[in-house]
Each structure stands twice: as structure tokens, then as C-alpha cells.
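A.B. asks: Pasting the sequence and the predicted coordinates here, then a few questions.
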Amino acid sequence: MAESEINGVKLGSSKPMIATQAELVENRVPIPYRDQCAHLLIPLNKCRVAEFYLPWKCEGERHAYEKCEYELVMERMLQMQKIKEAQEMKGKKGKVVGSVPLIPSTANM
């Protein structure tokens with residue numbers, strides 16, 4: 001899979017996809033949840049079914065899955081911050097990046 005770049009910032013996650021598509025289909029993981037943490041969701045869902053979704057059960061599995069998801073979100077936020085910084089530097093060096101003002105100049109204030 002080729003990674004793309006925006007303003008010199010690599011896009012995509014540094015975490016590998018561990019679960020295969022066949023495993024995800026077999027375990028009926030919904031498509032929106034098929035990310036780099038899906039390999040942790042499979043045992044979590046099996047535990048939830050076995051324990052009748054009791055909230056105090058499966059804490060270790062849930063913690064591992066939520067930590068993985070948190071790390072993915074933080075990684076995406078860092079990538080977005082780097083992209084914005086690169087765009088700001090690009091705008092300061094040469095041409096000014098045009099933006100739409102929140103309050104139009106035609107508004108009487």
C-alpha cells in the first residue's frame with residue numbers, strides 16, 4: 001500500500017493491519033471498525049458475548065482496544081498539526097493563503 005504525502009507529511013498510520021479481511025468478515029466486525037485496532041476488537045466482542053455484556057467484565061480487553069484507538073487518534077491529530085504548520089510556513093514564505101473571513105466585510109458593524 002502506497003502512503004501519500006501532503007506538504008511533506010506522511011499520511012496513514014504507523015501501526016500495521018494485523019487482522020485479515022477474512023478474519024474480520026468471519027467475526028462480523030462492522031466496516032467502520034475495521035482499522036488497525038480491529039485485531040483487539042475481535043477478542044473483546046467474543047468476551048462480551050460470553051459474559052452477557054456485563055460492564056465489569058472484559059476490562060483488560062476493553063482497555064487494550066480503547067488504548068489502541070486513542071493512539072490512532074493522537075497520531076492523526078499530530079499529522080494534522082504538522083500539515084497545518086507546513087501550510088502556515090508555505091503561506092508566510094510566499095503567497096498568502098486565501099481564507100474566507102468569518103464576518104464578511106459587507107456586514108455593518
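C.D. replies: Okay, I see it. All of these numbers come straight from a predicted model, not from anything done at the bench.
A.B. asks: quick one: secondary structure of Met17?
C.D. replies: Secondary structure, DSSP: H, G, I helix; E, B strand; the rest coil: Met17 is coil.
A.B. asks: can you pull the contacts of the residue nearest to it when sequence neighbours are not counted?
C.D. replies: Excluding its sequence neighbours, the residue lying closest to Met17 (Cβ to Cβ, 6 or more residues apart in numbering) is Gln36, at 5.7 Å. In short, each C-beta sits where N, CA and C put it, glycine included. When contacts are counted by Cβ atoms under 8 Å, 6 or more residues apart in numbering, Gln36 touches 13, 15-18, 68, 72.
A.B. asks: hang on, isn't Arg34 packed against Glu23?
C.D. replies: No - Arg34 lies out of contact with Glu23 (Cβ atoms under 8 Å); the separation is 10.1 Å.
A.B. asks: What pLDDT is listed against the closest residue to Lys57 other than its chain neighbours?
C.D. replies: Excluding its sequence neighbours, the residue lying closest to Lys57 (Cβ to Cβ, 6+ apart) is Glu51, at 3.7 Å. Predicted confidence (pLDDT) for Glu51: 97.
A.B. asks: who touches Tyr65 in this structure?
C.D. replies: 37, 40-41, 44.
A.B. asks: check which helix or strand covers it.
C.D. replies: helix 59-93 (DSSP states H and E).
A.B. asks: So which bits of that helix are buried?
C.D. replies: 61-62, 65, 68-69, 72, 79, 83 (16 or more other Cβ atoms under 10 Å).
A.B. asks: I figured the residue nearest to Lys57 was touching Arg62, is that so?
C.D. replies: No - using Cβ under 8 Å as the test, Glu51 is too far from Arg62 to be in contact (11.0 Å).
A.B. asks: Sheet-wise, list the partners of the helix or strand of the chain at the bottom of the mean pLDDT ranking with their directions.
C.D. replies: Every helix and strand of the chain was ranked by mean pLDDT, DSSP states H and E. The lowest is strand 9-10, at a mean of 78. Within its sheet, and counting by DSSP bridges, strand 9-10 is paired with strand 5-6 (antiparallel).
A.B. asks: ok now the partner strand, how far from the chain's centre?
C.D. replies: In terms of Cα atoms, centre = their mean, to the nearest Å, the gap separating the centre of strand 5-6 from the centre of its chain is 16 Å.
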